[in-house]
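A.B. asks: dropping the sequence and predicted coords here.
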Amino acid sequence: MITIMIMIPVPRPKAGLPPGQLHTSIGMINGSYAGATSNTFSISQSLNLEYEIFYNTRMSYVARAQIAIDPTTGKMVYYGGFLGSRYYFKSTGMIFDNTTQDITFRSIPKWRFYMGWDVGIAQVVVAEVGPSLTALSTMLDFGGHVGSIYQLGKTWGIDVQLGYSYGYGFSTVSVTGTAMKLWVGGVYYFD
């Protein structure tokens, strides 16, 4: 019996975290819901925070948190946490470095375009009982988004994102609704 071994070189991963980026953006959320009660809301002061880890040059995993605060009352109207994935098209999502001997090749796309999905748990205020008591509905929220990043250098960029989500309520005060989201903000890329 003859045994033949073939050695295939496998690159060793770098120590530390994989390449990723942090998104911080502000914008508006318009939503409507129906069920135990019906209502609409339009909030211009919402905050979107994202942590994105790249799986390869065109795909990434995203963890995000969203908060919408009513400027007249100072109360949170909509908030949630979500996990999802993102796909970059017409560009790579991450900055690519390749070093061979004494030469380093670096590819930094000026524009990056993406689309993605996410799922998570969101809560929306459905009724205000008094000055400090509110009724909330907890929803399983499914969403999609598209966006673009204009890269200012290796680490910083400007991000514009448009999203849509559908929430299915499962709490005691249960509502079902949709939300349109538009954010503009900054991106910090790290590798």
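C.D. replies: Ah, there it is.

A.B. asks: what is the neighbour count of residue 56?
C.D. replies: By other CB atoms under 10 Å, 12 other residues sit near residue 56. Using the backbone N, CA and C atoms, a C-beta is placed for each residue, glycine as well.

A.B. asks: can you list the strands that the helix or strand of the chain with the lowest mean pLDDT pairs with?
C.D. replies: When each helix and strand of the chain is scored by mean pLDDT, DSSP states H and E, strand 96-100 comes last, with a mean of 72. Note on strand 96-100: by DSSP bridges, its sheet partners are strand 103-107 (antiparallel).

A.B. asks: gap between the two ends of stretch 66-74?
C.D. replies: Stretch 66-74 has an end-to-end distance of 16 Å (criterion: CA to CA, to the nearest Å).

A.B. asks: show me which residues of it are buried.
C.D. replies: Across stretch 66-74, burial judged by 16 or more other CB atoms under 10 Å covers 66-70.

A.B. asks: picking that back up, residues in contact with the least confident helix or strand of the chain?
C.D. replies: Residues from elsewhere that reach strand 96-100 (CB atoms under 8 Å, 6 or more residues apart in numbering): 57, 104-107, 191.

A.B. asks: can you select the buried ones from those in ChimeraX?
C.D. replies: The buried subset of the contacts of strand 96-100, as determined by 16+ other CB under 10 Å, is captured in ChimeraX by this line:
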select :57,191
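
A.B. asks: closest to residue 77 out of the contacts of strand 96-100?
C.D. replies: Residue 77 lies nearest to residue 191 out of these, by CB to CB, at 36.8 Å.

A.B. asks: let me see the contact set for that closest one.
C.D. replies: Residue 191 neighbours (CB under 8 Å, 6+ apart): 19-20, 94-95, 97.

A.B. asks: low-scoring stretches of the chain, by residue?
C.D. replies: 1-16, 97 (pLDDT under 70).

A.B. asks: from the contacts of strand 96-100, which is closest to residue 85?
C.D. replies: residue 57 (14.4 Å).

A.B. asks: re the thing from before, which two of the contacts of strand 96-100 have the greatest separation?
C.D. replies: Maximum pairwise distance among these (CB to CB): 17.0 Å, between 57 and 104.
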